[in-house]
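Novice: Show me how the following folds:
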Amino acid sequence: MKLLVGTALTLFVLYTFSQETSANCLGPLGTVNQNGQKSLYTGQQDFSLALLNAINKLSPDDNLFFSPYSTYHALLIAFFLAGNQTEKFLRTTLRLDNSQTKNDIYLAYKLDKLRTNFTSLQAAYEFTSANKIFVGDDVPVRDCILDLFQDEITITKFRTDAEAARNRINQWVEDRTNRMIKNLLPPGSVDQLTDLVLVNAAYFKGMWLKKFNPAETRQEIFYVSPTKQIMVDMMHLEGTFNYEVSETLGAHILEMPYKGEDISMYILLPPFSKTNRALENTLSKLTLQEFNNIVEGKNSFSHTVQVSLPKFSLEQTIELVPVLEELGIGDLFESTRDLSTLSAKPTKLDRAIHKSRIEVTEEGTEAASSTVLFSFRSSRPIEPAQFNCNHPFIYIIYSKAEGATLYTGVFRSPN
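Specialist: Below you'll find the model as predicted:
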């Protein structure tokens, strides 16, 4: 049985450079701060929306699909390893609460890791997230970091056998993503100068709570633009869903839960626009407050909806350095960066890659497009609402259990 599968990972490759940095660690250990974990994901939501807009700005005409969750956690590891001004830049970029110490945030991270692992054992879906710090065997890692990140750190022989190190990292990624992401690092991407690789791999596999009937899937037109149309396999379903007509966002919004109902896909469907500006208008107005209103269901109501949604698969690789610089990442990729919490030996962050893949089928989850033309109404429709995803739309996969955005994307055209 084929289900929706989404995988994503973010990779950071660091090289040695010859600059002295000062030493520090996370500070004295305390008790787990329950507000710290909540604060962690308040920042994650704001970061997710900023990341979506930054990626869209650099690729305004393309399909987008990525995992804010994966990107956030890879950068969070970089934050723990950073010091001084680099640490401050990362704190700002990740929207971390200034009232929380670095150790508070670490404890929140560990608590989130335990909750995610525990939830995955009993959930009706699969969601896993893993971080790995591959450190060169010639890098003297501080004892406190070895203690705090003993599950994440793997000592690696980059200097004496870079090719074996590359294969080892690729195999770890493949194993953690259920073999969906293969050969992430191409030959030559790791050499004897590599001393640190940070990776987060996130994997999701879910089944629609209300599945589409494959017998009703048929070829229909998808309106990429007023002058371009492409045929797509369109799935069809009528059911009761949480539904909203948002005049603020200029979009119809539908919640489609996965089995277990802890995770849902939210589809934001602007009207078809002759100028192609409706989707950009919705994105520009999708603030943190509006996002919270959506996932908390403040303005939605249960209604019978006739859903038409493309069946598709998508794989995307994003070079994150320009995206993160657009977000104001600071000196993380510059010669002044400070990663002294990891080691007294200076290290250099050179590249950031994000790769993700998703499949949407009748059994699985994801995708959306909208009716060719429709108006917005504040009143609730009496007849079944038409939610025809036959033109560009935004989709978000959100975990209510985590309080976190797992994946998000913009679907502009069938492959």
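Novice: only C-alpha atoms for contact and neighbour calcs from this point on.
Specialist: OK.
Novice: The helix or strand encompassing Leu237: partners in the sheet, and parallel or antiparallel?
Specialist: Assigned by DSSP states H and E, Leu237 belongs to strand 228-246. Take DSSP bridges as the rule and strand 228-246 pairs in its sheet with strand 218-225 (antiparallel), strand 251-257 (antiparallel), strand 301-310 (antiparallel).
Novice: what bits of this structure have low per-residue confidence?
Specialist: Applying pLDDT under 70 to the chain flags residues 1-24, 27-39, 274-276, 348-349, 364-383.
Novice: Roughly how far does the spatially most central residue of it sit from Tyr407?
Specialist: With distances taken as C-alpha atoms, centre = their mean, the residue of the chain nearest its centroid is Ser67 (1.6 Å). Applying C-alpha to C-alpha, to the nearest Å, the value for Ser67 to Tyr407 is 4 Å.
Novice: that older thread, quick one: distance of the strand holding Leu237 to the chain centre.
Specialist: 23 Å (C-alpha atoms, centre = their mean, to the nearest Å).
Novice: What of stretch 351-366?
Specialist: That offset, for stretch 351-366, works out to 10 Å (C-alpha atoms, centre = their mean).
Novice: Can you list the buried residues in it?
Specialist: Residues 352-366 are the ones in stretch 351-366 that count as buried (16 or more other C-alpha atoms under 10 Å).
Novice: and if you look at stretch 316-323?
Specialist: Of the residues in stretch 316-323, those buried (16+ other C-alpha under 10 Å) are 317-318, 320-321, 323.
Novice: Count the residues that sit near Asn178.
Specialist: Applying other C-alpha atoms under 10 Å, we find 14 residues neighbouring Asn178.
Novice: swap in Arg176?
Specialist: 20.
Novice: now the one 10 residues further on
Specialist: As a burial measure, Pro186 scores 11 neighbours (other C-alpha under 10 Å).
Novice: for Leu114, same thing?
Specialist: 11.
Novice: ok, now Gly188?
Specialist: 9.
Novice: What residues does it make contact with?
Specialist: Contacts for Gly188 (C-alpha atoms under 8 Å, 6 or more residues apart in numbering) come out as Glu163.
Novice: Dump the strand holding Leu237 to CSV, keeping only the CA atoms.
Specialist: Output of strand 228-246 as CSV, limited to C-alpha atoms (Å, rounded to 0.1, in the frame of the first residue of the first chain):
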residue,chain,number,x,y,z
LYS,A,228,-0.4,27.5,-19.4
GLN,A,229,-2.4,24.4,-18.5
ILE,A,230,-1.1,20.9,-17.8
MET,A,231,-3.0,17.7,-17.3
VAL,A,232,-2.8,16.1,-13.9
ASP,A,233,-4.2,13.1,-12.1
MET,A,234,-6.8,14.7,-9.9
MET,A,235,-8.1,12.9,-6.8
HIS,A,236,-11.7,13.4,-5.6
LEU,A,237,-13.4,13.1,-2.2
GLU,A,238,-16.5,14.4,-0.4
GLY,A,239,-16.4,14.5,3.4
THR,A,240,-16.7,16.7,6.5
PHE,A,241,-13.7,18.8,7.2
ASN,A,242,-12.7,21.9,9.1
TYR,A,243,-13.0,24.7,6.6
GLU,A,244,-12.5,28.4,6.5
VAL,A,245,-12.9,31.3,4.2
SER,A,246,-10.3,33.9,5.2
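Novice: Tell me the buried residues in it?
Specialist: Those would be 229, 232-238, 241-246, for strand 228-246 by 16+ other C-alpha under 10 Å.
Novice: Export only the CA atoms of the helix or strand Asp112 falls within, formatted as PDB.
Specialist: For Asp112, the host element (DSSP H and E) is helix 102-122. Output in PDB follows, covering the C-alpha atoms of helix 102-122 (Å, rounded to 0.1, in the frame of the first residue of the first chain):
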ATOM      1  CA  LYS A 102      21.400  28.300  26.400                       C
ATOM      2  CA  ASN A 103      21.100  25.400  28.900                       C
ATOM      3  CA  ASP A 104      17.300  26.000  29.200                       C
ATOM      4  CA  ILE A 105      17.100  25.600  25.400                       C
ATOM      5  CA  TYR A 106      19.300  22.500  25.500                       C
ATOM      6  CA  LEU A 107      17.000  20.900  28.000                       C
ATOM      7  CA  ALA A 108      14.000  21.800  25.900                       C
ATOM      8  CA  TYR A 109      15.700  20.200  22.900                       C
ATOM      9  CA  LYS A 110      16.300  17.000  24.900                       C
ATOM     10  CA  LEU A 111      12.700  17.000  26.200                       C
ATOM     11  CA  ASP A 112      11.400  17.400  22.600                       C
ATOM     12  CA  LYS A 113      13.600  14.500  21.500                       C
ATOM     13  CA  LEU A 114      12.200  12.200  24.200                       C
ATOM     14  CA  ARG A 115       8.600  13.200  23.400                       C
ATOM     15  CA  THR A 116       9.100  12.600  19.700                       C
ATOM     16  CA  ASN A 117      10.600   9.200  20.200                       C
ATOM     17  CA  PHE A 118       7.900   8.200  22.700                       C
ATOM     18  CA  THR A 119       5.000   9.400  20.500                       C
ATOM     19  CA  SER A 120       6.400   7.600  17.500                       C
ATOM     20  CA  LEU A 121       6.100   4.300  19.400                       C
ATOM     21  CA  GLN A 122       2.300   4.500  19.700                       C
END
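Novice: and that helix, which residues are buried?
Specialist: Residues of helix 102-122 classed as buried: 102-109, 111-112, 116, 119 (neighbour count, 16+ other C-alpha under 10 Å).
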